[in-house]
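**Student:** sequence and predicted structure are below.
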Amino acid sequence: PDATIVGSGDIFDPADTLDLMKRTGLDGFVVARGAIGNPWIFRDLRCVWENRPVPPPPDLTEQRLVILEHFEHILKDYPEKKAVRIFRKFFAGYLRRHPKRKPALLALMKAKTRAEVETALDTWYTDPCPNE
């Protein structure tokens, strides 16, 4: 019978999707974990599929703005301290692109309030190498 077959899992690099579709004959795919901390994957996928150049990765300023926007959405649905705890799981994903990933992640994981998250983001996304 006719069926739509959709693949899921391990979509982290937009360029790999073309090969995946050709190799497997899938009708589509789902981006799941590949989007955690990397919402730009959808922009990049569209470029790949439209045979256009993929833009350069986002700089720290753009990353900071997107992280703050995401955090604001969480804050709308949860009390502040719970929102901070929930958002911790996203920090690691966003920080994959950061030049000083480990100390920046440590600073964000220590944050307990909105102000502390914002201070850590300001510190690590304005000057990626503070105290150096």
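**Tutor:** Yep, it's here. Residues are numbered from 1 along each chain as shown.
**Student:** check which helices and strands the longest helix belonging to the chain is in contact with.
**Tutor:** The longest helix of the chain (DSSP state H) is helix 60-77. The contact analysis (3 or more Cβ pairs under 8 Å, 6 or more residues apart in numbering; DSSP states H and E) places helix 60-77 against helix 80-94, helix 114-126. To be clear about C-beta, it is placed using only N, CA and C from the backbone, and glycine gets the same treatment.
**Student:** please state the offset of the shortest one from the chain centre?
**Tutor:** Helix 114-126 has its average C-alpha position 17 Å from the chain's average C-alpha position, going by Cα atoms, centre = their mean, to the nearest Å.
**Student:** circling back to that earlier point, and the helices and strands packed on helix 60-77 as JSON lines, adding mean pLDDT and mean neighbour count?
**Tutor:** Below are the helices and strands packed on helix 60-77 laid out as JSON lines (pLDDT from 0 to 100; neighbours: other Cβ atoms under 10 Å):
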{"stretch": "helix 80-94", "mean pLDDT": "95", "mean neighbour count": "16"}
{"stretch": "helix 114-126", "mean pLDDT": "95", "mean neighbour count": "17"}
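**Student:** which of the ones you listed sits closest to Leu68?
**Tutor:** Leu68 lies closest, by Cβ to Cβ, to one member of the helices and strands packed on helix 60-77: helix 114-126, at 6.5 Å.
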